[in-house]
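Student: make a model of this:
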Amino acid sequence: MLKINGLHVILLWLAMTLALQASTNDVRTLVWSQLSAQQKQYDWVELKNNERLSGYFTYYYNDIVTFKSKKLGLLKLKIRDIRQFVSSRPASFNIENLAVLYGKFIFQNEKMTIYTHEGNITIGYDQIVSIYHGEAKESNYWNIKIGFNTNIRGGNSKQFDYGASVDMTRRTAKSRFLLNYIGNIANVSDAKTSESHSATSSFDYFKTRHFFLRPLSFSFYRDPFQNISSRLSYGVGAGYDIIRNAITTWSITGGPGYQYTRFTTSLEDESDYDETFSLILDTLYTTRLIHNIGFTFGYKLSFLDQESGSYTHHMITKFVNAINKNFDIGVSLVWDRIESPSADSDGVVPNKDDYRMMLSIGYKYN
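Tutor: Residues are numbered from 1 along each chain as shown. You can find the predicted model right below:
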């Protein structure tokens with residue numbers, strides 16, 4: 001029969017104490033109070049449902065935190081779903097009505113504490129325009145989407161339509177660069193029946209969370225069937241983000257501009273080009289209707305003199321269904337209008353309106 005004496009009791013007590021201490025130490029490795037901004041290995045996120053993630057923070061914009069996990073890949077987390085967030089590496093902060101700050105950070109109780117060389121600063125996350133990892137590669141600032149569409153028809157007449165679209169965005173802590181292109185060409189029985197190219201580009205500099213300056217915007221348009229060989233527009237202005245959150249963005253921009261148009265052909269007694277100052281107004285609205293379906297509406301209106309067409313507008317409406325994180329299928333409707341088009345060399349006045357509907361498949365980077 002096993003006898004338990006005082007020595008056995010002491011040894012058993014020591015063993016249990018050591019085991020409990022080891023277990024406590026294991027738990028303490030995940031205590032958030034110990035995951036300070038001095039942590040060197042990973043960034044940490046704790047969600048309000050008590051899930052915890054380790055990985056690398058990429059950027060914060062529109063109330064969305066982009067986070068890379070080795071196991072789960074690229075994640076996009078809503079800031080309102082995050083309880084605590086600890087960085088291991090410095091990041092650039094664009095703070096509304098303040099400046100660009102640089103340092104590590106801890107997010108707790110909807111407050112962001114930034115550790116800079118000049119000292120620590122604590123602010124609400126709603127004062128932050130954007131955050132970007134300071135040591136990120138240039139490629140991390142870009143979002144690029146490329147789409148292709150085609151239509152082939154046989155029979156009595158052979159029809160071949162094709163087109164492409166490109167959407168590029170570069171965001172930093174203080175600025176935003178946009179570039180968009182849409183092009184379409186149609187052929188019937190080897191004869192070209194339609195051709196159009198439209199490209200727009202702009203650079204925005206944020207002064208506050210919602211207000212930005214647009215020191216330069218540029219657009220190019222070509223449609224020989226509307227008697228436009230090329231149309232170049234330049235502008236400056238300012239804008240405001242009416243809505244900007246994880247689901248919906250809506251911005252408006254306006255300002256003066258200059259437009260130069262070269263016609264494909266013209267009457268003998270009229271010039272083959274025209275130039276004028278303009279007033280440019282545009283708006284862009286994007287939202288997510290359901291989990292994997294997005295909607296975009298863009299509209300640009302230019303007021304001109306009578307010889308340049310009185311006014312022109314460019315409208316695009318797009319529905320996109322995401323297949324996975326890189327590929328999607330989209331349906332777009334584009335409407336271009338010139339209120340007073342110029343007659344060609346035969347005296348024929350083109351139609352005011354030009355419509356295009358496109359079904360495309362797109363690839364998205366970042």
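Student: and the residue nearest to Phe303 when sequence neighbours are not counted, what is it in contact with?
Tutor: Spatial nearest neighbour of Phe303, chain neighbours left out: Leu279 (4.4 Å); criterion: CB to CB, 6 or more residues apart in numbering. Backbone N, C-alpha and C define where each C-beta goes, glycine included. For Leu279, the contacting residues are Gly254, Gly255, Pro256, Gly257, Ser302, Phe303, by CB atoms under 8 Å, 6 or more residues apart in numbering.
Student: which one of these is nearest Asn187?
Tutor: Nearest to Asn187 among the contacts of Leu279 is Ser302, at 30.3 Å by CB to CB.
Student: give the bridge partners for that closest one, please.
Tutor: In this entry, Ser302 is beta-bridged to Ile280, Thr312, by DSSP bridges.
Student: wait, it sits on Tyr311?
Tutor: Yes: counting by CB atoms under 8 Å, Ser302 touches Tyr311, with 6.3 Å between them.
Student: mind checking the backbone torsions on Lys207?
Tutor: Torsion angles at Lys207 (phi, psi; degrees, to the nearest 10) stand at phi -100, psi -30.
Student: next helix or strand past the lowest-mean-pLDDT helix or strand in the chain?
Tutor: In the chain, no helix or strand scores lower on mean pLDDT, DSSP states H and E than helix 6-28, which sits at a mean of 51. Next helix or strand after helix 6-28 toward the C-terminus (DSSP states H and E): strand 43-47.
Student: and the next helix or strand past that following strand?
Tutor: Moving toward the C-terminus from strand 43-47, the next helix or strand (DSSP H and E) is strand 52-61.
Student: now do the strands in the stretch 101-250 of the chain.
Tutor: For the stretch 101-250 of the chain, the strands defined by DSSP state E, counting those that start in this stretch cover 111-116, 119-124, 128-133, 142-153, 159-171, 175-188, 191-206, 211-223, 228-244, 248-263.
Student: orientation of the longest one relative to strand 248-263 in degrees?
Tutor: For strand 228-244 against strand 248-263, the angle between stretch directions is 170 degrees (axes from the mean of the first three to the mean of the last three CA atoms, to 10 degrees).
Student: measure how strand 228-244 sits relative to strand 211-223, angle-wise.
Tutor: 150 degrees.
Student: which strands and helices lie in contact with strand 228-244?
Tutor: strand 211-223, strand 248-263, strand 273-290 (3 or more CB pairs under 8 Å, 6 or more residues apart in numbering; DSSP states H and E).
Student: note down every partner strand of it and its orientation.
Tutor: Strand 228-244 is paired, per DSSP bridges, with strand 211-223 (antiparallel), strand 248-263 (antiparallel).
Student: which residues sit against it?
Tutor: Residues contacting strand 228-244 (CB under 8 Å, 6+ apart): 62-63, 204, 209-222, 249-264, 278, 280, 302.
Student: next up, phi/psi of Asn109, please.
Tutor: Dihedral angles (degrees, to the nearest 10) for Asn109: phi 50, psi 40.
Student: so what's it scoring on pLDDT?
Tutor: If you check Asn109, the pLDDT there is 84.
Student: that one - how many residues pack around it?
Tutor: For Asn109, the count of nearby residues is 7 (other CB atoms under 10 Å).
Student: next: Leu72.
Tutor: Using other CB under 10 Å, Leu72 is surrounded by 10 other residues.
Student: isn't it up against Leu53?
Tutor: Yes: with contacts counted by CB under 8 Å, Leu72 reaches Leu53, the gap being 7.4 Å.
Student: so, low pLDDT: which residues of this structure?
Tutor: For the chain, the stretches flagged by pLDDT under 70 are 1-40, 96-99, 134-137, 140, 151-157, 173, 246, 366.
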